[in-house]
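pasted the sequence and its predicted model underneath.
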Amino acid sequence: MSSPILITGAGQRIGLALAEHFLAQGQEIIVTYRTRHEAIDVLAGKGAICIHADFNSDQAIGHFIEELKTHTNQLKAIIHNASSWDCEANNHDYADLFDNMMRIHAKAPYLINLAASDLLLHYQQNSGTAADIIHLTDYVVEKGSPKHLAYAASKAALDNLTKSFAAKFAPAIKVNAIAPSLIIFNEHDSDEYKAKTLKKSLMGIEPGCAEIINSVELILSSQYITGRSMPVDGGRHLK
């Protein structure tokens, strides 16, 4: 029986790296994307089920859940990676910004987890092993962010949901978070910005998506870790 992994926001960067990793292992995946980059066509060509989903309204989230259930009756895991790095400096409609951040980073995972829990439970019942939910949060959950107030608050909400869902769904479904700081730079980042950012961690490197892939694999392979957040920040909390 098909047991795909759902990855939200898989059109680029970390989500894309995760999708490519699982496909290379022969693992079936369902991915969501907001913008259809060329990479989505490549994933589809390799067998991924690709669903357009812009979590910009409750209705859009509901439509995605309905479509998801037309493709599978069970899920091995859900990886909530979809994210928006919007901030107060770029969006002066603060009420709209806050609502958007909360909807993308907290409300969408909340609704998807509740609506798709039957798919995860079906996998657990058939396989005899726990299913997984993994929330991609952020290092800023630990200390906040004066430049990304709404973003940081929404990721903190997702971190809290990790604990609540872990308690609600145990032992059939493990629920954990991964909290990264810098993983990969953007193409347009300046050399000055890169140098400044690298100095924020003890390790002082751009680690790459393999660090998140390794963290995801550790969580998936464990039958005991739940309700925890795994920091992937190069010791940034000690700087």
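Good, I have the coordinates.

helix, strand or coil: sort out the nearest residue to residue 238 once chain neighbours are set aside for me.
Of all residues not flanking residue 238 in the chain, residue 202 sits nearest, at 5.8 Å (CB to CB, 6 or more residues apart in numbering). No exception for glycine: its C-beta is placed from N, CA and C like everyone else's. Put simply, residue 202 is coil when judged by DSSP: H, G, I helix; E, B strand; the rest coil.

residue 202 contacts residue 233, doesn't it?
No: judged on CB atoms under 8 Å, residue 202 makes no contact with residue 233 at a distance of 9.1 Å.

list the buried ones in stretch 69-84?
By 16 or more other CB atoms under 10 Å, the buried positions in stretch 69-84 come out as 72, 74-84.

ok, which pair from those residues is furthest apart?
Farthest pair in those (CB to CB) is 74 and 84. Separation: 29.3 Å.

so what's the residue most central in space within the chain up against?
Nearest residue to the geometric centre of the chain (CA atoms, centre = their mean): residue 81, 2.0 Å. Applying CB atoms under 8 Å, 6 or more residues apart in numbering to residue 81 gives the contacts 7-10, 14-15, 18, 136.

likewise for residue 48?
Contacts of residue 48 (CB under 8 Å, 6+ apart): 10, 19, 23, 29-31.

nearest to residue 37 among these?
Among those, and counting by CB to CB, the member closest to residue 37 is residue 10, at 9.9 Å.

can you tell me how far that closest one sits from residue 40?
8 Å (CB to CB, to the nearest Å).

and residue 97, by the same measure?
27 Å.

out of the buried residues of stretch 69-84, which are inside strands?
77-80 (DSSP state E).

which one of residue 202 and residue 233 has more residues nearby?
residue 233 (23 against 13; other CB atoms under 10 Å).

for the more buried one, what are phi and psi?
phi -130, psi 10 (degrees, to the nearest 10).

surely it and residue 179 touch.
Yes: Residue 233 lies in contact with residue 179 (CB under 8 Å); the separation is 7.1 Å.

mutual contacts of the two, please.
In contact with both residue 233 and residue 179: residue 139, using CB under 8 Å, 6+ apart.

off-centre distance for the helix or strand harbouring residue 40?
Secondary structure from DSSP states H and E places residue 40 in helix 38-45. Centroid displacement of helix 38-45 relative to its chain, using CA atoms, centre = their mean, to the nearest Å, is 19 Å.
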